[in-house]
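Student: need coordinates for the below:
(2 chains)
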Amino acid sequence: MRRCLVVDDSRVIRKVARRILEDMRFEIEEAGDGLEALQACRRQMPDAILLDWTMPVMSGIDFLKQLRKEPGGDKPTVVFCTTENDVERIAEALKAGADEYMMKPFDGDILHSKFAEAGLI
Amino acid sequence: MLTEAEFVLIAREVKARTGALITREMSASAAVRLQPLARREGYASVSEMIASARIKPDGALWNAIADNLAQSETRFFRDRAQFEQLRAKLLPEALARRGHERARIWCAGCSTGQEAYSVAMILEDMRNEGLNPAAEILASDLSERLLDKARSGLYTQFEVQRGLPIRKLIAHFEKAGDLWRISDRLRAAVKFERHNLLHHPGQLGQFDIVLLAHVLISFDQPTRLAVLERVLDVLAPEGVVLLGAGETLPEGCEGLTLENGVVRRTGAARAAA
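Tutor: The predicted structure is shown next:
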């Protein structure tokens, strides 16, 4: 079973994403900020990361930039999931190594569609 | 909820105008979808609007009811495999056959335009790759309401996130308040026109590729066959019709093959076309 790390400071979002992704047959790990996510990745690189932008301690974009420098950090497919919806922000995320980008609010259909775009299903 | 008499009446009038089937399972959702129209038209309820439609002689209210019940479910790059085939094989083949002439593509039953704009994006990508695909896209629907939205090129954040890869979104769209607007270039690449698939499309000209995905499903079997036969009348001899994933040919079809959602004439049928 493939593993997905859900990174968001909102417990509600993590719970919603977990429910949808488990239906898509992903094993889920959760992190509440970028630093927790980085520590989780250093323990074991997931196959996919669903990543919020604005979080305490370490933001999603800073986490992503650091992740891509880590050994094996080029492997996980990263899908941003954020309220940031400016074209400049999206371009910045792609430049930092994001594979897909999802704007909140989202539903199961959108999450499914974005994971399909990213080649995860 | 519609009464049985109201449901029968609506089903009959919508089928006569658009060919679309309204089934009993759709009765409750039809009542909900008609509420905004009833309010706009100044009726206290959907039932009152239907009663009025029965006695109005010009049929305009029935047309509006049919329009509001028109199938609008669509998305960008719906049935991804179909669009991959279009890019890799069907478009290059059509362009090669046409030579210096423009290949013609028809999105029949285009709803709010996502499918037509997806084709336009593919052509734009081909241009960016240094190719010069000479092609024109005509998109048609019966519903002026849906066509108006398609022409506007404006989509909600939900709509642009269904089927549209993020790189295509930022390459071809710009933010317009809470909405996303497709580029003027792509908007100009698609011509939208009202057409009722119950009528012969002869005035639209001949086409090399017709996208007819998830359209026939709205009709009963005899209407599906009749619509497909009319579409075939305007298909170039070597042309193809694309159906949606999982769709089958209507009963009674002859001289056609269906493979991976692509309908082609058989050799003998091509010779006769």
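
Student: how far away from the center of its chain is stretch A:76-85?
Tutor: Remark: stretch A:76-85 is offset 6 Å from the chain centroid, using C-alpha atoms, centre = their mean, to the nearest Å.

Student: so which bits of that stretch are buried?
Tutor: A:76, A:77, A:78, A:79, A:80, A:81, A:82, A:84 (16 or more other C-beta atoms under 10 Å in any protein chain shown). In short, each C-beta sits where N, CA and C put it, glycine included.

Student: which of those fall within strands?
Tutor: Among the buried residues of stretch A:76-85, the residues falling in strands (DSSP state E) are A:77, A:78, A:79, A:80, A:81, A:82.

Student: if we can go back for a sec, turn the buried residues of stretch A:76-85 into TSV, including distance to residue B:243.
Tutor: Converted to TSV, the buried residues of stretch A:76-85 look like this (distance: C-beta to C-beta, whole Å):
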residue	distance to residue B:243
A:76	37
A:77	31
A:78	35
A:79	31
A:80	35
A:81	34
A:82	37
A:84	39
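
Student: got the phi and psi for the spatially closest residue to residue B:135 that is not a sequence neighbour?
Tutor: Spatial nearest neighbour of residue B:135, excluding adjacent residues (C-beta to C-beta, 6 or more residues apart in numbering or on different chains): residue B:103 at 4.3 Å. Torsion angles at residue B:103 (phi, psi; degrees, to the nearest 10) stand at phi -70, psi 150.

Student: residues touching residue B:103, list them.
Tutor: By C-beta atoms under 8 Å, 6 or more residues apart in numbering or on different chains, the residues touching residue B:103 are B:91, B:94, B:95, B:97, B:133, B:134, B:135, B:136, B:208, B:209.

Student: pull the most distant pair out of the residues you listed.
Tutor: For the contacts of residue B:103, the farthest-apart pair by C-beta to C-beta is B:97 and B:136; their separation is 14.9 Å.

Student: per-residue pLDDT of the closest residue in space to residue A:48 that isn't next to it in sequence, please?
Tutor: With sequence-adjacent residues excluded and distances taken as C-beta to C-beta, 6+ apart, residue A:48 is closest to residue A:4, at 4.2 Å. Note on residue A:4: pLDDT of 98.

Student: direction included, what does the helix or strand containing residue A:4 pair up with?
Tutor: Assigned by DSSP states H and E, residue A:4 falls within strand A:2-7. If you go by DSSP bridges, strand A:2-7 pairs up with strand A:26-31 (parallel), strand A:48-51 (parallel).

Student: pick the most buried one from those strands.
Tutor: strand A:48-51 (a mean of 28; mean count of other C-beta atoms under 10 Å in any protein chain shown).

Student: who's in contact with residue 27?
Tutor: All of this is about chain A. By C-beta under 8 Å, 6+ apart, the contact list for residue A:27 reads A:1, A:2, A:3, A:4.

Student: looking at chain B here, not the other one
Tutor: Taking C-beta under 8 Å, 6+ apart, one finds B:1, B:2, B:7 in contact with residue B:27.

Student: in helices only, show me those residues.
Tutor: Within those, residues falling in helices by DSSP state H are residue B:7.

Student: got a PyMOL select line for the buried ones in the contacts of residue B:27?
Tutor: Those of the contacts of residue B:27 that count as buried under 16+ other C-beta under 10 Å are selected in PyMOL with:
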select buried, chain B and resi 2+7
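
Student: in JSON lines: the contacts of residue B:27, plus distance to residue B:174 and pLDDT.
Tutor: Formatted as JSON lines, the contacts of residue B:27 follow (distance: C-beta to C-beta, whole Å; pLDDT from 0 to 100):
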{"residue": "B:1", "distance to residue B:174": "43", "pLDDT": "78"}
{"residue": "B:2", "distance to residue B:174": "42", "pLDDT": "87"}
{"residue": "B:7", "distance to residue B:174": "44", "pLDDT": "92"}
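
Student: okay, now the closest residue to residue B:70 other than its chain neighbours: neighbour count?
Tutor: Leaving aside its sequence neighbours, residue B:70 sits nearest to residue B:143 (C-beta to C-beta, 6+ apart; 4.1 Å). By other C-beta atoms under 10 Å in any protein chain shown, 24 other residues sit near residue B:143.

Student: so what's residue B:143 scoring on pLDDT?
Tutor: pLDDT for residue B:143: 93.

Student: contacting residues for it?
Tutor: Residues in contact with residue B:143 (C-beta under 8 Å, 6+ apart) are B:67, B:70, B:72, B:111.

Student: quick one: the helices in the chain, in order.
Tutor: Unless you meant another one, I'm taking chain A. Assigned by DSSP H, chain A shows helices spanning A:11-23, A:34-43, A:60-67, A:87-96, A:108-117.

Student: please go with chain B instead
Tutor: With helices called from DSSP H, chain B shows them at B:4-18, B:27-40, B:46-55, B:60-68, B:80-85, B:91-98, B:114-128, B:144-152, B:157-160, B:166-172, B:184-189, B:221-233, B:267-272.

Student: so how far is the first one from its chain's centroid?
Tutor: What separates the centre of helix B:4-18 from the centre of its chain is 22 Å, taken as C-alpha atoms, centre = their mean.

Student: could you list the buried residues of it?
Tutor: The neighbour-count check on helix B:4-18 (16+ other C-beta under 10 Å) flags B:6, B:7, B:9, B:10, B:11, B:13, B:14, B:15, B:17, B:18 as buried.

Student: can you pull the contacts of the last one?
Tutor: In other words, residue B:18. Neighbouring residues of residue B:18 by C-beta under 8 Å, 6+ apart: B:66, B:70, B:142, B:196, B:198, B:218.

Student: now the residue of the stretch 101-250 of chain B found nearest chain A: closest residue in space that isn't a chain neighbour?
Tutor: In the stretch 101-250 of chain B, the residue that lies nearest chain A is residue B:166 (4.1 Å; C-beta to the nearest C-beta). The spatially closest residue to residue B:166, leaving aside those adjacent along the chain, is residue A:101, at 4.1 Å (C-beta to C-beta, 6+ apart).
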